[in-house]
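A.B. asks: sequence and predicted structure below; questions after.
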Amino acid sequence: MGQKRGRDSKPQAIEAKKRKKGAKAAIASEDDSWDGLVSVDDLNWKEVAMPDRMTDAEGFFGLEEIDDVDIIRTEGSGEIQFKAKSGKPKKSILRTLTAEETEFDEWSGFSDGESAEQTAEKPTITTDETPEPKEDKKAKKKKETKEPKKKDNKEKKEPKTEAKPKDTKSSQNSNLKANLSLAFAALEDDGNDDGADVSAWDELGLSPEILTGLSKLKFASPTTIQKACIPSIMDGHDVVGKASTGSGKTLAFGIPILEHYLEKREKQGESAEKTPASPMALILSPTRELAHQLAKHIGDLATNSPDINARIALLTGGLSIQKQQRQLANADIVIGTPGRVWEILSSGTGLIRKMQGIQFLVVDEADRLLSEGHFKEAEEILGALDRQIQNDFPDEEEEETEDASASRQTLVFSATFHRDLQQKLAGKSRWTGGDIMDKKESMEYLLKKLKFREEKPKFIDMNPVQQMAQGLKEGIVECPAMEKDLYLYSLLLYYPKHRTLVFTNSISAVRRLTQLLQTLQLPALALHSGMAQKARLRSVERFSSPTSDPSSILVATDVAARGLDIKGIDCVVHYHAPRTADAYVHRSGRTARAGAIGKSVIICAPDEVVSVARLAAKVHASNPNVSAKKLPLESLEIDRRVVSRIRPRITLAKRITDSNIAKEKVSAEDNWMRAAAEDLGVEYDSDEFDEAKGKGRGRGGGRHQREKQASSITKGELQGLRAELKNQLSQRVNIGVSERYLTAGRVDIEALLRGEGNDAFLGHLDPLNF
Ligand SMILES: Nc1ncnc2c1ncn2[C@@H]1O[C@H](COP(=O)(O)OP(=O)(O)OP(=O)(O)O)[C@@H](O)[C@H]1O
């Protein structure tokens, strides 16, 4: 079996290499008397491919493995060395030195007393394949050279080494040692210097580690919300942050948390490795997908920042609770949905007490999380974090823990805050339609429920006027109520190679539309809360994969409306009009993120027009440049020829889809009835049952008839429909080119085709210009 280690030991390998004047790799190539024993750093470790999902990573972000080695423990010292397995050539397990490492050898004389450190620094190889986090000495030295935080941000210029490593090499005077250390960190990972210049972050007073990470992620400058929030959070304030969708709120709180991690490790010093991990942050998210994304986003910065080994426990429903409990036992940052977090915390294994020491409580998408379906568990969690202190602890501990609680910062983020929230939660649950936040009322509400430690948290509102992202265009397509499928399909044909997210208001609509689009040979995926969690994650992964079809379509309920950050979504389509103004903001915010451009289109039946206009007016109400009479909602005219030519396709696809869905339903119902009849010991006759059901005059009788009809299409008929649809789909939609013209050779077909720009159509089609 292969051996594994944490990827974080890589810098140590290089550091060790620089110190060893006669590295084994060199000896091996020259010296035949070599006994074949090598140290961990001489091995040719291979990176283990990361699992697709964070949960499978158990909170660790990188492992390396090696095959064909035997572990040799030196008697007495207990030092671990390695040897090629018998039968394997001695050198087969060695790695070759890179050019940079050879260069490092020249600098080995600068370090004092390193051989002792070298032994101490060796990563622990554990047979249970669980890498222990380590604070390496190099990091500690680096931190010793670092100015303490919050003194003078301007002084912290070191991290520019990431962007300009050559500068660091050249400054060999007073703090040469520190600079070399940073140079090693900058060079060790991939030996290139293509990170972004991160000097724009200087004024925020971040550590060199984080700046290195930001540079590697190519985040050259902070977004406005990051610029505004990070210093306040790092100065210990409670913060309520509001900024438009896709504006970088995650790192606005993620960076200060990772900075705190570094500070904590620095304070613990030598004892860091022995101190049992205790969570320092709890981040609550309203949806599972968002929780996964938050973990990935913060985890990405952590893995790209040298010396940050923060372990993230991801607690979301639908996945193994035992695994998550294990993760939590050793986590630095806990991210989860309130339901699962509470389920685990309340399982009575002392976890609540452990969580009481957290430094940060983050409520992301706060207006949603503190509303429907989530608030109760969130409230339980908040209550437990505070209440247990007084109830359970003996007096002397009480004071200590209360202090910890008093030092907890509460950070609340969203793009919208709902004015009705307070009323709703107070039990007067009239959901009146989603106003954008009224600052004062919402602040009061949050103050009351969240127990901020400061009398008034800092309220940082980056979008007081414009709720929508800058690069977003809003459009509306009006169509008959029964023809939304037709218009959706038209829109998708107008925009081929557009990654599109289609929102509906119900799970059954997601199921039906996904099947319909797939029947039309479009790459559609489904996402709704009725799906198994793994299938949900798979859909998001497949849709967001950079290698996926650029025309991919994700059909989703509002479970995808909040926070999902999927690169390259070009278009959001509201197949059903959003129910609230907030939902409209968040759904539309899945596109035009991080400065990109995007489109949001509402497909609107005549009876929805008024409510949609009202909703858009609310969203833009605070924008003085927008009047209720002239909303920035462009009316899109779909060419009538397109609609009429593709109608037969839709008719066929609908019949096929309805038949499939009805058959699935009938078969599920039949199975259920059969099982129930068996339990009761009666005979079940499906025809008799259907007859009785069909005769019913009550609600559902007509629907049942239609389903029955749809499900009664024979296999042969279905095959015929499929063949016919296939034939239609194999041809381009002809929007006005006469076949007589074409066959008579009176038209230059090539020129015609070249000019069209959209190969779904044959003939000239005016673009929507939207
Ligand atoms: N400083 C930065 N420079 C460039 N890109 C950034 C920066 N910070 C974050 N991003 C990127 O911006 C995108 C949006 O960030 P994030 O998901 O945090 O937005 P958000 O404000 O939380 O959005 P939402 O309100 O929809 O949840 C992400 O892809 C992230 O990687």
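C.D. replies: Sure thing, it's come through. The structure displayed is predicted, hence computed values, not measured ones. Residues are numbered from 1 along each chain as shown.

A.B. asks: when you work out contacts or count neighbours from here on, use the C-alpha atoms and nothing else.
C.D. replies: Noted.

A.B. asks: any idea how far Ala556 is from the nearest residue in space to Ile650 that is not next to it in sequence?
C.D. replies: Distance criterion C-alpha to C-alpha, 6 or more residues apart in numbering; nearest residue to Ile650, sequence neighbours excluded, is Leu486 at 6.3 Å. Look at Leu486 and Ala556: by C-alpha to C-alpha, to the nearest Å, they are 18 Å apart.

A.B. asks: with Arg649 instead?
C.D. replies: Counting by C-alpha to C-alpha - Arg649 and Ala556 are separated by 23 Å.

A.B. asks: what does the stretch 151-300 of the chain put close to the ligand?
C.D. replies: 219-223, 244-251 (C-alpha under 6 Å from any ligand atom).

A.B. asks: sort out for me which of these are in helices.
C.D. replies: 249-251 (DSSP state H).

A.B. asks: neighbour count: Arg649 and Ala556, which is higher?
C.D. replies: Ala556 (26 against 20; other C-alpha atoms under 10 Å).

A.B. asks: state the mean pLDDT of the helix or strand that contains the residue nearest to Ile650.
C.D. replies: Using DSSP states H and E, Leu486 falls within helix 484-494. In this model, helix 484-494 has a mean pLDDT of 96.

A.B. asks: just checking, what packs against it?
C.D. replies: Packing partners of helix 484-494 (3 or more C-alpha pairs under 8 Å, 6 or more residues apart in numbering; DSSP states H and E): strand 598-604, helix 640-680.

A.B. asks: how close does Glu681 get to the ligand?
C.D. replies: If you look again at residue 681, you'll see it is Gly, not Glu. In this view, Gly681 and the ligand are 54 Å apart by C-alpha to the nearest ligand atom, to the nearest Å.

A.B. asks: how about the residues of the stretch 351-500 of the chain near the ligand?
C.D. replies: Going by C-alpha under 6 Å from any ligand atom, the residues of the stretch 351-500 of the chain near the ligand are 414-415.

A.B. asks: could you give the residue of the stretch 351-500 of the chain that lies closest to the ligand?
C.D. replies: Nearest residue of the stretch 351-500 of the chain to the ligand: Ala415, at 5.1 Å (C-alpha to the nearest ligand atom).

A.B. asks: how far away is that residue from Ala628?
C.D. replies: 22 Å.

A.B. asks: which one's more surrounded, those two?
C.D. replies: Counted by other C-alpha under 10 Å, Ala415 and Ala628 do not tie: Ala415 has more neighbours, with 29 against 13.

A.B. asks: ok, the more buried one to Val341 distance?
C.D. replies: Relative to Val341, Ala415 is positioned 24 Å away (C-alpha to C-alpha).

A.B. asks: ok, back up a step: who touches the helix holding Leu486?
C.D. replies: Around helix 484-494, the neighbours that count as contacts under C-alpha atoms under 8 Å, 6 or more residues apart in numbering are 477, 479, 513, 517, 575, 603-605, 638, 642-643, 646-647, 650, 758, 760, 767-768.

A.B. asks: which is the next helix or strand following it?
C.D. replies: Next in sequence after helix 484-494, counting helices and strands by DSSP H and E, comes strand 500-503.

A.B. asks: so for the very next helix or strand once past that following strand, what gets flagged as buried?
C.D. replies: As assigned by DSSP H and E, the chain's next helix or strand after strand 500-503 is helix 507-519. Neighbour-count burial for helix 507-519 flags 507, 509-519 (criterion: 16 or more other C-alpha atoms under 10 Å).

A.B. asks: neighbouring contacts of helix 507-519?
C.D. replies: Residues from elsewhere that reach helix 507-519 (C-alpha under 8 Å, 6+ apart): 485, 489, 504, 523-530, 555-557, 653-654, 656-658, 661.

A.B. asks: buried subset of the residues you listed as a ChimeraX selection?
C.D. replies: Those of those that count as buried under 16+ other C-alpha under 10 Å are selected in ChimeraX with:
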select :485,489,504,523,524,525,526,527,528,529,555,556,557,653,654,656,657,658,661
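
A.B. asks: for the residue of the stretch 351-500 of the chain closest to the ligand, list the residues it contacts.
C.D. replies: 242-245, 365, 467, 586.

A.B. asks: greatest separation within the residues you listed: which pair is it?
C.D. replies: Glu365 and Gln467 (14.7 Å; C-alpha to C-alpha).

A.B. asks: related to what we said a few turns ago, just the helices and strands packed on helix 484-494: most buried one?
C.D. replies: strand 598-604 (a mean of 25; mean count of other C-alpha atoms under 10 Å).

A.B. asks: that one and the ligand, any residue contact?
C.D. replies: No: using C-alpha under 6 Å from any ligand atom, strand 598-604 stays clear of the ligand, with a minimum separation of 13.5 Å.

A.B. asks: on that earlier part again, just the angle between the helix holding Leu486 and helix 640-680, please?
C.D. replies: With axes from the mean of the first three to the mean of the last three C-alpha atoms, to 10 degrees as the basis, helix 484-494 and helix 640-680 are set at 130 degrees to each other.

A.B. asks: got the CA coordinates for helix 484-494 in CSV?
C.D. replies: Extracted in CSV, the C-alpha atoms of helix 484-494 (Å, rounded to 0.1, in the frame of the first residue of the first chain):
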residue,chain,number,x,y,z
LYS,A,484,-43.7,29.3,-21.8
ASP,A,485,-42.0,26.1,-22.9
LEU,A,486,-42.0,27.3,-26.5
TYR,A,487,-40.6,30.7,-25.6
LEU,A,488,-38.0,29.3,-23.3
TYR,A,489,-36.8,27.0,-26.1
SER,A,490,-36.7,29.9,-28.5
LEU,A,491,-34.6,31.9,-26.1
LEU,A,492,-32.2,29.1,-25.7
LEU,A,493,-31.9,28.8,-29.5
TYR,A,494,-31.2,32.5,-29.8
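
A.B. asks: could you check the angle it makes with strand 598-604?
C.D. replies: Computed by the same axes, to 10 degrees, the angle separating helix 484-494 from strand 598-604 equals 160 degrees.

A.B. asks: burial check on Leu43, number of neighbours?
C.D. replies: Using other C-alpha under 10 Å, Leu43 is surrounded by 24 other residues.

A.B. asks: could you measure from it over to the ligand?
C.D. replies: For Leu43, the distance to the ligand - C-alpha to the nearest ligand atom - is 34 Å.

A.B. asks: count of neighbours near the residue nearest to that residue when sequence neighbours are not counted?
C.D. replies: Leaving out its chain neighbours, the residue that sits closest to Leu43 by C-alpha to C-alpha, 6+ apart is Leu94, at 4.7 Å. Leu94 is flanked by 21 other residues according to other C-alpha under 10 Å.

A.B. asks: just checking, Leu94 touches Ser39?
C.D. replies: No: with contact defined as C-alpha atoms under 8 Å, Leu94 does not reach Ser39; the gap is 9.8 Å.

A.B. asks: follow-up on the earlier one: neighbour-wise, which of the contacts of Ala415 leads?
C.D. replies: Busiest of the contacts of Ala415 [other C-alpha under 10 Å] is Thr245, holding 29 neighbours.

A.B. asks: thank you, goodbye.
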